[in-house]
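Novice: next one to model:
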Amino acid sequence: MKALIFGIGGFVGRYLSEELKSAGYEVAGTDVTPECDLPDVEYCKGDLLDSKFVEDLVERTNPDVIANLAAISSVGSSWKIPQTTIEVNVVGALNILEAAGRHARNAQILFIGSSEEYLAKNGIINENDPLAANNPYGISKMAQEQFVECYRSRFGLKIHYVRPFNHTGIGQKDSFVLPSFCKQAASIELAGEPGEIHVGNLSAKRDFSDVRDVARAYRMILESNDDRTIYNVGSGKAYGLDEMLEYIVSLCTVDVKIVVDQDRYRPIDTPIVQCDNSLIREKLGWEPRYSIFDTLKEMYEYYLKNEQA
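Specialist: Just a heads-up that it's a prediction; the model follows:
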């Protein structure tokens, strides 16, 4: 079995590549970066917005599995570059759909949506809750989902769709909140003297998963026969950002002061966002293997080692 991953050089792409290889797949992948340091991957640099490149790649690799992880994946970034967000997340997805319709009719295909597609709701969210995104990123994912349904019906493509909640792990950019906390704490520890962690609004409670659990969920969904069920992917537990930061600080042996930085501070419209993952548990037998606190410890220790190096 051969898998083709668009966006393989990104945060989740690397983990999905390892997950698929460990399950016996040959993996090919593409991204915009010139080189890929992943072992045993057939890599090809390319632009998702180049429809001819995408079509030629799908035809040449003849994949059994296609996963699209290429995206503008930050809500904050999507507000700064809404046009690019639509181009990459919607037009890029269309390029893959068109190529699959011509050259990979029998492939199992995975498109990644987002919990940001849902109407803002304070509490637990399941797959039947209404979709009404309120930011460019979420809107782009809603549009992608509509096109997926259209092309599934038109071509009979075997397209799986997921709406993941927040996930993190080693390798995620420190522009995201939890890697930022871990990196700042590790830098203070390495300095060996009291320091400050600069934060934004800590009042929100969010459902964070370990990226390895998410990658495993993606593989299990791809390998299922049901391409009509849309799954939430999340831990099913919501913790406060303040609680997770407190745990990270507890790993330090020096005093750490928390400083609210107005440049990082954003009002929180939805106090609690939590995934109802009962559907994927019941239908596929998936369940999280990692606690977010185990993940935070690994990330903190990673920064201790690599910041020092």
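Novice: domain ranges for the protein?
Specialist: 2-164, 170-207+237-274+291-308 (automatic domain parsing).
Novice: how distant is stretch 30-45 from the center of its chain?
Specialist: Relative to its chain's centre, stretch 30-45 lies at 19 Å (Cα atoms, centre = their mean, to the nearest Å).
Novice: what does stretch 166-174 give?
Specialist: Centroid separation between stretch 166-174 and its chain, computed with Cα atoms, centre = their mean, is 9 Å.
Novice: just use 47 as the starting number from now, easier for me
Specialist: Fine by me, first position is 47 from now on; the one you just mentioned is stretch 212-220.
Novice: export that stretch as CSV, just CAs?
Specialist: Provided in CSV are the C-alpha atoms of stretch 212-220 (Å, rounded to 0.1, in the frame of the first residue of the first chain):
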residue,chain,number,x,y,z
ASN,A,212,-6.6,21.3,19.3
HIS,A,213,-3.5,19.0,19.2
THR,A,214,0.1,19.6,20.1
GLY,A,215,3.5,17.9,20.6
ILE,A,216,7.2,18.1,19.9
GLY,A,217,7.8,19.9,16.7
GLN,A,218,4.8,22.3,16.8
LYS,A,219,5.8,25.9,16.2
ASP,A,220,6.3,28.0,19.4
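Novice: got TSV for the domains of the chain, with distance to I326 and mean pLDDT too?
Specialist: For glycine as for every other residue, the C-beta is placed from the backbone atoms N, C-alpha and C. Compiled in TSV, the domains of the chain are given as follows (distance: least, Cβ to Cβ, whole Å; pLDDT from 0 to 100):
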stretch	distance to I326	mean pLDDT
domain 48-210	9	96
domain 216-253+283-320+337-354	13	93
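Novice: right, and those - which one's nearest I267?
Specialist: In terms of Cβ to Cβ, the element of the domains of the chain nearest to I267 is domain 48-210, at 5.0 Å.
Novice: give me whichever of the domains of the chain is most buried.
Specialist: Among the domains of the chain, ranked by average contacts under mean count of other Cβ atoms under 10 Å, first place goes to domain 48-210 (a mean of 19).
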